[in-house]
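In: Based on what follows, work out the 3D shape:
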Amino acid sequence: MTPQIKKDTSKGANQNQNDYIMTTAEAQVWNRLSHKPTTKKQLYSMTGYSDREIRAAVKILRDNGYPVISSSKRSGYWIARTEEEKQQLIKEYKSRISKMERTIRSLENVRI
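Out: Numbers count the residues shown, from 1 in each chain. Take a look at the predicted model:
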């Protein structure tokens, strides 16, 4: 069983963060991020976690209100400093969703 680490519930944490307990992997990834991009390769060398484990930790952190940012224009993950950084990631996600929805509509119209 993976040990769990109680996360920071300091002022400014959102509700998801207040109810969330990080796994060791998530805590190690979060604690190695800064406001400058850290690549998966760098995170691997710092933590020993695989690409898949790092991506999973980032997803779980985001799902629990931690502002882990990435961009198609920059390599790596970092902690958002501004609302603009957060909104840029949201914009990229919405664009991906829109493209997936178009593909779904096209596939739904395929006769087999």
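In: Check this structure for its longest strand and report it.
Out: strand 74-79 (DSSP state E).
In: so where is this structure shaky, pLDDT-wise?
Out: 1-16, 18 (pLDDT under 70).
In: Can you pull up the most central residue in it?
Out: In the chain, the residue lying closest to the centroid (CA atoms, centre = their mean) is residue 58, at 3.5 Å.
In: how near is that residue to residue 101?
Out: To residue 101, residue 58 is 24 Å away according to CB to CB, to the nearest Å. Where you see a C-beta, it was placed from the backbone N, CA and C, and this is true even at glycine.
In: Could you do residue 42 as well?
Out: Distance from residue 42 to residue 101, by CB to CB: 34 Å.
In: Tell me which of those two has more neighbours.
Out: residue 42 (15 against 10; other CB atoms under 10 Å).
In: Count the neighbours of the closest residue in space to that one that isn't next to it in sequence for me.
Out: In space, residue 42 comes closest to residue 76 once its chain neighbours are excluded; the distance is 7.4 Å by CB to CB, 6 or more residues apart in numbering. If you count neighbours by other CB under 10 Å, residue 76 ends up with 16.
In: List the contacts of residue 44.
Out: By CB atoms under 8 Å, 6 or more residues apart in numbering, the contact set of residue 44 is 50, 51, 54.
In: Nearest residue to the first one in space, please, no chain neighbours.
Out: Counting by CB to CB, 6+ apart, the nearest residue to residue 50 once its immediate chain neighbours are dropped is residue 44, at 7.0 Å.
In: thinking again about what came up before, shouldn't the residue nearest to the centre of the chain be in contact with residue 29?
Out: Yes: under the criterion of CB atoms under 8 Å, residue 58 makes contact with residue 29 at 6.5 Å.
In: Do you have the helices of this structure handy? List them.
Out: 15-18, 24-32, 40-47, 51-63, 83-108 (DSSP state H).
In: how close does residue 77 get to residue 54?
Out: As judged by CB to CB, residue 77 and residue 54 stand 8 Å apart.
In: still on that earlier bit, is it true that the residue nearest to residue 42 touches residue 34?
Out: No: checked against CB under 8 Å, the pair residue 76 and residue 34 is beyond contact range at 10.2 Å.
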